[in-house]
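S.K.: need a structure here:
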Amino acid sequence: MAVVNFNGKYYALCFDTIEYDGKWYSLELAGNLSAVLGIETAAAGTLFLNVDDMKLEELKKMIVPLE
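M.R.: Model prediction:
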């Protein structure tokens, strides 16, 4: 799962990944995690995170920047 900020709103992107030759690749959007979380297939694994201000700081601590 990846969390992105778009226009000040946070979204979770759920997708299946695979490791090949030491690198990670996105296998498909809306994979198994999306199904477990109940995200509709049409959303392609995207979930709006309605986070209040108190939880926003906690969420930001869990986000690891991609390099």
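S.K.: just how off-centre is the longest helix seen in the chain within its chain?
M.R.: In the chain, with assignment by DSSP state H, the single longest helix is helix 53-62. Here the centre of helix 53-62 is set off from its chain's centre by 15 Å, with CA atoms, centre = their mean, to the nearest Å.
S.K.: Tell me which residues are up against it.
M.R.: Val3, Tyr10, Leu49, Val51 (CB atoms under 8 Å, 6 or more residues apart in numbering). Yep, even glycine has a C-beta here, placed from its N, CA and C like the rest.
S.K.: ok, which stretches of the chain are strands?
M.R.: 2-6, 9-13, 15-20, 23-29, 46-49 (DSSP state E).
S.K.: got those as a markdown table, with mean neighbour count, mean pLDDT and distance to Glu40 columns?
M.R.: Listed next are those as a markdown table, based on neighbours: other CB atoms under 10 Å; pLDDT from 0 to 100; distance: least, CB to CB, whole Å:
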| stretch | mean neighbour count | mean pLDDT | distance to Glu40 |
| --- | --- | --- | --- |
| strand 2-6 | 12 | 80 | 18 |
| strand 9-13 | 15 | 81 | 14 |
| strand 15-20 | 12 | 84 | 15 |
| strand 23-29 | 11 | 83 | 12 |
| strand 46-49 | 15 | 78 | 10 |
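S.K.: a markdown table for those strands, including distance to Leu37?
M.R.: Listed next are those as a markdown table, based on distance: least, CB to CB, whole Å:
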| stretch | distance to Leu37 |
| --- | --- |
| strand 2-6 | 13 |
| strand 9-13 | 8 |
| strand 15-20 | 12 |
| strand 23-29 | 13 |
| strand 46-49 | 7 |
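S.K.: quick revisit: return the member of the contacts of helix 53-62 nearest to Gly22.
M.R.: Gly22 lies nearest to Val3 out of the contacts of helix 53-62, by CB to CB, at 24.5 Å.
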